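Participant: below are the sequence and a predicted model; questions follow.
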Amino acid sequence: MSDIFKMLVALTYNVKKEEEKVRKIDTSISKYINESILINYPERIDDTYAEWDSMETIEAIKNALEEYNNNVVLIEADENAYIKIRNTKPNIVFNVAEGFYGASRESQIPSILEMLNIPYTGSDSITIGICHDKSRCKEILSYYRIPNPDFLIVNGKFENQVKKFPKFVKPLHEGSSKGIYNSSVVNNEIELKREVERIKEIYKQPALIEDFIKGKEFTVAMLGNGENVKVLPIIEINLDEVPSDFNKIYSYEVKWFFDTRENKLDIFKCPAEVDDVTYKAIEKVAIETFQKLRLRDWARIDIRLDVNNIPNVIEVNPLPGILPDPEDNSCFPKAARVAGMNYNQMINAVLEEAKKRYNLI
Ligand SMILES: Nc1ncnc2c1ncn2[C@@H]1O[C@H](COP(=O)(O)OP(=O)(O)OP(=O)(O)O)[C@@H](O)[C@H]1O
Ligand SMILES: [Mg+2]
């Protein structure tokens, strides 16, 4: 096909820099981390850039878009992004940028694109911003009676506000399991205080204290829009693979220390091995969440079953991680593969959803 029919797609991203990967361990973090991890994985302790992509992922997305007859320009989502996008004038943007600073950092590229009236993949700046603030997201879910763990936000003194344990403590606005360690499950007031302090000291933000939902965990990859959104095969997180002396959560330790290319955990079951009723209940909650939050094109929703087997939404990812190498356990590409889509088809399926929304096909 001649160049005339090629779309100009800009790929907006943030990338982990080599020099940042080898940064010295921040001593304030190390005092909170299990000693064996400090000794065995010193280079992975610092989670500052955990949300950002590697150049390998960016190149894989670029190749996928090129394979489907697009011209692709890479635009790093840094302080010059606005000018670069304005000068490039792409027909559409494939956005995976997690952003630099602030709780609403994932909204910044979508906002720029809205201002410049340029079509782009994924959710708009409002929805992305809301999902990145876990409590704002939960407030909307609760309004629509979509089950999610009861919660409390603390940013200072919180004496006697928490009566029942165990609880789960996490930063209010992070992703990629940043700040979520084995110690996030707390069984008493002392552990709780230590975690709130850790989040304040290291992540400089309020802590979200939630009921601990201890049943099976799933993650649901979705593609599409509104009434036509599709659920890809549900992944069950096989928490039996978590070492026995660790809590059954999909923590930073599990994702980045215990499950490595050299030492792979059998952490995903896909499709999930649950009875039909439970499988359908999970799909229903995921679809409702997608629609009520007005997610667009793609998303991944984390869910756990409570003691009554009711699927509770743990967290919503409008920009799901998409590591290209099947050896790296990455949920969205895994679910796509089980649905019969390879990596390049998956990327282009997201682009097609966006093009349909903007009537570009
Ligand atoms: N309230 C809770 N009850 C039980 N487990 C929880 C709860 N909240 C989080 N978890 C556990 O911690 C993990 C990470 O939490 P969460 O998904 O909120 O973090 P994240 O950093 O946003 O994740 P992602 O890497 O998917 O972006 C979950 O996969 C789950 O295992
Ligand atoms: Mg999650």
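Facilitator: Sure thing, it's come through. Numbering: from 1, shown residues only. Ligands and ions are numbered 1, 2, ... in the order given.

Participant: got the residues of the stretch 151-300 of the chain near ligand 1?
Facilitator: By C-beta under 6 Å from any ligand atom, the residues of the stretch 151-300 of the chain that approach ligand 1 are 168, 170, 174-178, 180, 210, 212-213, 217, 249-251. Using the backbone N, CA and C atoms, a C-beta is placed for each residue, glycine as well.

Participant: recalculate using a threshold of 8 Å.
Facilitator: 151, 168, 170, 174-180, 184-185, 210-214, 217, 219, 237, 239, 248-252, 255, 300 (C-beta under 8 Å from any ligand atom).

Participant: out of those, which sit inside strands?
Facilitator: Of those, the ones assigned to strands by DSSP state E are Phe151, Phe168, Lys170, Val185, Glu210, Asp211, Glu217, Thr219, Ile237, Arg300.

Participant: by neighbours, which of these wins?
Facilitator: Thr219 (26 neighbours; other C-beta atoms under 10 Å).

Participant: need the contact list for that one.
Facilitator: Thr219 makes contact with Ile234, Ile235, Ile237, Arg300, Ile301, Asp302, Ile303, Cys331, Ala335, according to C-beta atoms under 8 Å, 6 or more residues apart in numbering.

Participant: how close does it sit to Ile209?
Facilitator: To Ile209, Thr219 is 23 Å away according to C-beta to C-beta, to the nearest Å.

Participant: buried ones in stretch 154-166, by neighbour count?
Facilitator: Using 16 or more other C-beta atoms under 10 Å as the test for burial, stretch 154-166 gives Val154, Phe158, Val162.

Participant: and those residues as TSV, adding secondary structure and distance to Lys269?
Facilitator: Formatted as TSV, the buried residues of stretch 154-166 follow (DSSP: H, G, I helix; E, B strand; the rest coil; distance: C-beta to C-beta, whole Å):
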residue	secondary structure	distance to Lys269
Val154	strand	35
Phe158	coil	38
Val162	coil	34
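
Participant: tell me the one of the residues you listed nearest ligand 2?
Facilitator: The nearest member of the buried residues of stretch 154-166 to ligand 2, counting by C-beta to the ion, is Val154 at 20.8 Å.

Participant: got the confidence number for the closest one?
Facilitator: Note for Val154: predicted pLDDT of 94.

Participant: identify the bridge partners of it.
Facilitator: Bridge pairing for Val154 (DSSP bridges) gives the partners Ala207.
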